[in-house]
Structure formats: structure tokens, C-alpha cells
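Trainee: how would this look folded up:
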Amino acid sequence: MNKFHFFKDLVRLDEGRADNREIIESIFKSSNFSGTNFWALVSAIIIASVGLNTGSTAVIIGAMLISPLMGPIMGLGLGLSIFDTGMLRRSLRNFGLMVGISILASTFYFFISPLKIENSELLARTYPTIWDVLIAIFGGIAGMIGSSRKEKTNIIPGVAIATALMPPLCTVGFGLANQNWPFFFGALYLFAINTLFIAWATYIISNLMKINQYSPVPAKQPRMIRRVLSFIVLAMVIPSIYLAYLFMQETLFKQRAARFIEDEMQSSTTFILNKEIDAKNRELTLYLMGESIDSLRKAELNARFERLNQGHGSLRIIQEDSKEEIMAGLKDEKKGPFAEIMLQKQVIDSLRGIIHSYHEQPFKEAEMMQELQVFIPGIQRLLIHNTHPGKPDEVLIGSSEHLNEQYRNQCRQWLHKRMQNDSLSITFVDL
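Mentor: Numbering: from 1, shown residues only. Modelled structure (predicted):
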């Protein structure tokens with residue numbers, strides 16, 4: 001019996017609770033949209049938009065604390081629980097006005113903003129999952145409990161931060177301004193999840209607390225409301241479960257890809273210049289420099305990567321000798337830096353070759369002249385002129401006496417064969 005009383009005391013909600021009239025008046029007042037709440041909303045919109053635009057987490061948290069959106073949402077839940085049509089209409093109207101103004105203002109801000117970057121703060125509001133549903137439910141529970149206390153605590157500010165109502169709305173504005181529909185619909189779905197489950201949790205806790213209206217209600221009405229709410233809740237939960245599954249699969253793929261790189265791609269002669277992990281398509285692309293990996297080793301690595309991902313994963317290896325891949329990369333933003341580096345490396349290697357050839361040329365000319373003097377003693381000078389780097393296009397031969405046509409033909413044949421270039425332009429000069 002003592003254990004039962006201990007458990008009952010542990011979960012009781014009436015300790016420190018205000019009376020029903022005070023709770024209803026408090027939530028009714030917080031759902032108001034005029035004066036203080038209007039200016040608070042305007043401030044929250046601008047602060048949240050700037051914070052999302054610049055990727056500042058601290059600024060976004062500030063906007064969450066300022067935003068008055070929680071009031072009308074809790075008003076919707078409480079109005080359904082106590083069957084107060086006046087509170088429902090007022091909360092719904094004010095909620096619609098707040099949402100409309102927030103979307104319009106944030107859309108205008110992001111339209112004129114020079115920063116169009118899809119940063120991590122914006123991206124975080126576009127992929128709602130079942131975990132966001134849990135946050136909204138328990139946020140709504142905590143919010144209703146906090147609103148029902150005689151002495152106000154830090155519960156409501158904590159709920160405002162956890163459930164994050166304003167940032168998804170501003171991300172909807174970003175999606176509209178930039179015609180980025182995945183961002184628009186993803187953020188809108190997250191906001192709908194937060195709104196519905198905060199209101200639903202408020203409805204549940206209000207019923208548990210028995211915050212009843214003062215006039216009797218037909219018995220069929222609460223049953224109908226429960227059925228409609230249950231249907232809406234189920235319809236909202238199912239997509240979030242599927243998205244959570246996809247998110248989990250993508251996270252596991254990223255972890256496996258990182259482990260594969262650490263276990264299989266560590267080498268003293270080959271290093272990874274860049275890597276791309278496409279978790280959605282289960283593809284890992286590695287850009288390598290250094291010693292090339294042969295086709296057999298590539299096949300072995302691909303097979304291991306596929307086994308690691310249970311048959312759902314492909315590995316692409318792009319090396320500095322993959323010229324077609326590099327040139328294709330110039331047309332692709334993701335591969336562009338790699339391709340540019342590889343092309344710069346090719347230019348550097350080419351320049352090194354040209355410099356090396358110019359250093360060697362005087363020695364080459366002297367060596368070839370000595371070879372020619374074996375069968376044509378009168379040759380005193382030989383110059384090689386490169387009109388195109390790396391290709392000897394013109395040769396000048398100077399002799400102490402005039403060479404007849406037979407000697408000249410012998411020189412031409414020998415030079416063509418010696419320099420492996422049949423298109424040489426050979427000029428003879430008498431010194």
C-alpha cells in the first residue's frame with residue numbers, strides 16, 4: 001500500500017497547480033495576438049530569419065524564446081479539451097494570422113537577402129522524423145504542465161527551444177523566396193508536426209487534469225473529437241516513421257563509409273584528395289593522388305565495400321590518370337576542385353618537361369653534331385629550333401664547305417630517323 005501511495009505521489013499533477021479558471025485564463029491570454037504578442041512575433045521573425053541566414057545557433061535560440069506561437073497552439077488543444085468554441089475560434093484565427101505574417105515576412109527577407117546559401121541550420125529544419133514527433137509530444141506535455149502551475153517556472157522557455165516553432169516557418173519562407181520546394185515542404189511538414197502534437201499533448205494533459213468547462217457537453221462530442229484527432233495524428237506520424245527509417249539508413253551508410261576509408265584506404269603511396277558520400281544513392285566516391293590503383297585492386301575494394309553495406313553500396317575511385325573523369329568533373333561543381341587541381345598538376349608536369357628539355361638541348365645538339373661529323377666532316381654547327389614546346393620542328397646545319405645534294409639527302413634521312421620526326425624543316429648554311 002505504501003508503494004502504491006509513493007507511485008501515486010510521484011506522478012500526481014495537482015501539486016502546486018492553479019485552479020481551472022486561472023489555467024484557462026492564462027492560456028487564453030497567451031493566445032492573444034495584439035500589442036505585446038504582435039511586436040514579439042515581428043521581432044522573432046526577423047531574428048530567426050537572420051539567424052538562419054547567417055547560420056547562428058545562438059540567434060535562432062533567441063528567436064525561439066521570443067516567439068509567441070506557443071500560445072494559440074496550446075489554446076487550440078485546451079479549447080478542444082474543454083469544448084470552448086470561443087477559445088477555439090480565437091486561437092485558430094490568431095494562429096492563422098501569426099503563421100501568415102511569419103511566412104510573408106520571412107519570404108520577403110530571404111528574397112532581398114544577398115545570402116542564398118543552404119546552410120546546416122536551414123537544412124536541419126527540412127527533414128522531420130519520428131524523433132521530432134516525440135519532441136513535440138513531450139514538449140506539449142511539459143508546456144501544459146508548466147502553464148498549469150501557480151508559480152511560473154522555466155518549463156515554457158525550455159519547451160519553446162525544444163520544439164522550435166519559428167525556425168521551420170522561416171525556412172518555409174526561404175523555400176518560397178528561392179523556389180526551393182524540398183526545403184519548403186520539408187519545413188512545412190516539421191512545423192505541422194510541432195503544431196499538431198503540441199496541441200494534442202495539451203488536449204491529453206487537460207483531460208487528465210480534468211479542466212472541464214462550466215456548461216454540460218453532449219456525450220457524443222468528445223468521442224467524435226477523439227476520433228478525428230486520432231485519425232489526424234496517425235496520418236502525420238506514418239510519414240515521419242518512414243523518414244526516420246531513411247535517415248537511419250543514410251546515417252549507417254555514412255558511418256560504414258567512414259570506417260571503410262579508415263580500414264581499407266590508408267596508404268603511404270596513395271592519399272585521398274577528396275571524398276563524396278552520397279548516402280541517398282548509397283555511393284562513395286574517392287578522389288586519389290599518388291600511386292595508381294589497378295583494376296584488380298579496384299574490383300576487390302568495390303566488393304568489400306558492397307559486402308560492408310550488405311549489397312547496397314557502390315564505390316567509385318577517380319585517380320589523377322583518369323582524364324575523362326577529370327574533364328567531366330569540370331562541368332560538375334562537386335568534382336570541379338579535384339579536376340582543377342589535376343589539370344594544374346598536368347600543366348606543372350608539362351612545364352617541368354619543357355624546362356628539362358631546354359636544359360638538355362645544348363648537350364643534345366653537340367652530341368648530334370659529333371655523330372654527323374663521322375660521315376660528313378665539314379659540318380661545324382647544328383641548331384634545333386622548337387616552334388612548339390617539346391617538338392623539334394626546325395634544324396639549322398652549318399658547314400665549312402658547300403654540301404652537295406647527296407650529302408644533304410643523307411643528312412635529312414639521318415635527322416628524320418634520329419629525331420623520329422618526318423616533318424622536320426632542315427636548312428643548310430655555308431659558314
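Trainee: Let me see the ranges of the helices in the stretch 101-250 of the chain.
Mentor: 120-123, 130-147, 155-163, 166-177, 181-208, 220-264 (DSSP state H, counting those that start in this stretch).
Trainee: One more: the stretch 251-400 of the chain?
Mentor: Under DSSP H, counting those that start in this stretch, the stretch 251-400 of the chain gives helices at 295-308, 323-329, 336-373.
Trainee: and those helices, which one's lowest on average pLDDT?
Mentor: Among the helices of the stretch 251-400 of the chain, helix 323-329 carries the lowest mean pLDDT, a mean of 52.
Trainee: how far away is residue 303 from residue 311?
Mentor: Distance of residue 303 to residue 311, given as C-beta to C-beta, to the nearest Å: 11 Å. Yep, even glycine has a C-beta here, placed from its N, CA and C like the rest.
Trainee: of these two, who's got more company?
Mentor: A direct count of neighbours by other C-beta atoms under 10 Å for residue 303 and residue 311 places residue 303 higher, at 11 against 8.
Trainee: in this protein, what secondary structure element scores lowest on mean pLDDT?
Mentor: helix 323-329 (a mean of 52; mean pLDDT, DSSP states H and E).
Trainee: picking up where we left off before, please work out which of the helices of the stretch 101-250 of the chain is packed deepest.
Mentor: Among those, judged by mean count of other C-beta atoms under 10 Å, the one packed with the most neighbours on average is helix 166-177 (a mean of 26).
Trainee: helices and strands around it, which ones?
Mentor: helix 36-54, helix 57-66, helix 85-112, helix 120-123, helix 181-208 (3 or more C-beta pairs under 8 Å, 6 or more residues apart in numbering; DSSP states H and E).
Trainee: same thing but 6 Å
Mentor: If you count contacts as 3 or more C-beta pairs under 6 Å, 6 or more residues apart in numbering; DSSP states H and E, helix 166-177 packs onto helix 36-54, helix 57-66, helix 85-112, helix 181-208.
Trainee: got the angle between it and helix 181-208?
Mentor: Counting by axes from the mean of the first three to the mean of the last three C-alpha atoms, to 10 degrees, helix 166-177 lies at 150 degrees to helix 181-208.
Trainee: Contacts for helix 166-177, please.
Mentor: Residues outside helix 166-177 that contact it (C-beta atoms under 6 Å, 6 or more residues apart in numbering): 44, 48-49, 52, 60, 63-64, 67, 102-103, 106-107, 110-111, 122, 125, 183-184, 187-188, 190-191.
Trainee: quick check: domain ranges of this structure?
Mentor: Domain assignment for the chain by automatic domain parsing gives 11-217, 242-321, 361-430.
Trainee: model confidence over the first one, on average?
Mentor: Rounded to a whole number, the mean pLDDT of domain 11-217 is 86.
Trainee: Check the offset of that domain from the chain's centre.
Mentor: 26 Å (C-alpha atoms, centre = their mean, to the nearest Å).
Trainee: and what of stretch 259-278?
Mentor: Its chain's average C-alpha position is 21 Å from that of stretch 259-278, according to C-alpha atoms, centre = their mean.
Trainee: mind listing what's buried in it?
Mentor: For stretch 259-278, burial by neighbour count (16 or more other C-beta atoms under 10 Å) applies to 260-261, 265, 270, 273, 277-278.
Trainee: then stretch 199-212 to CSV, C-alphas only?
Mentor: This file holds the C-alpha atoms of stretch 199-212, laid out as CSV (Å, rounded to 0.1, in the frame of the first residue of the first chain):
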residue,chain,number,x,y,z
ALA,A,199,-1.9,20.8,-29.4
TRP,A,200,-2.6,17.1,-29.0
ALA,A,201,-0.5,16.8,-25.9
THR,A,202,-2.2,19.8,-24.4
TYR,A,203,-5.6,18.2,-25.1
ILE,A,204,-4.4,14.9,-23.4
ILE,A,205,-3.0,16.6,-20.3
SER,A,206,-6.0,18.9,-20.0
ASN,A,207,-8.3,15.8,-19.9
LEU,A,208,-6.0,14.1,-17.3
MET,A,209,-6.2,17.3,-15.2
LYS,A,210,-10.0,17.4,-15.6
ILE,A,211,-10.0,21.0,-16.7
ASN,A,212,-13.7,21.0,-17.5
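Trainee: Give me the contact list for it.
Mentor: Residues outside stretch 199-212 that contact it (C-beta under 6 Å, 6+ apart) are 13, 20, 23, 73-74, 76-78, 80-82, 137, 140-141, 144, 233.
Trainee: How about stretch 89-100?
Mentor: By C-beta under 6 Å, 6+ apart, stretch 89-100 touches 31, 33, 41, 69, 72, 75-76, 79.
Trainee: Please identify which pair of these lies farthest apart.
Mentor: 41 and 79 (20.3 Å; C-beta to C-beta).
Trainee: between the two, which one's more packed in?
Mentor: More neighbours surround residue 79 than the other of residue 41 and residue 79, with 28 against 21 (other C-beta under 10 Å).
Trainee: Are we agreed that the more buried one is in a helix?
Mentor: Yes - applying DSSP: H, G, I helix; E, B strand; the rest coil, one finds residue 79 inside a helix.
Trainee: Mind listing the residues bridging to residue 272?
Mentor: According to DSSP bridges, the residues that bridge with residue 272 are residue 288.
Trainee: how much space between it and residue 402?
Mentor: 65 Å.
Trainee: swap in residue 80?
Mentor: 115 Å.
Trainee: So between the two, which is more surrounded?
Mentor: residue 80 (23 against 10).
Trainee: In contact with that one, which residues?
Mentor: For residue 80, the contact set (C-beta under 6 Å, 6+ apart) comprises 203, 225.
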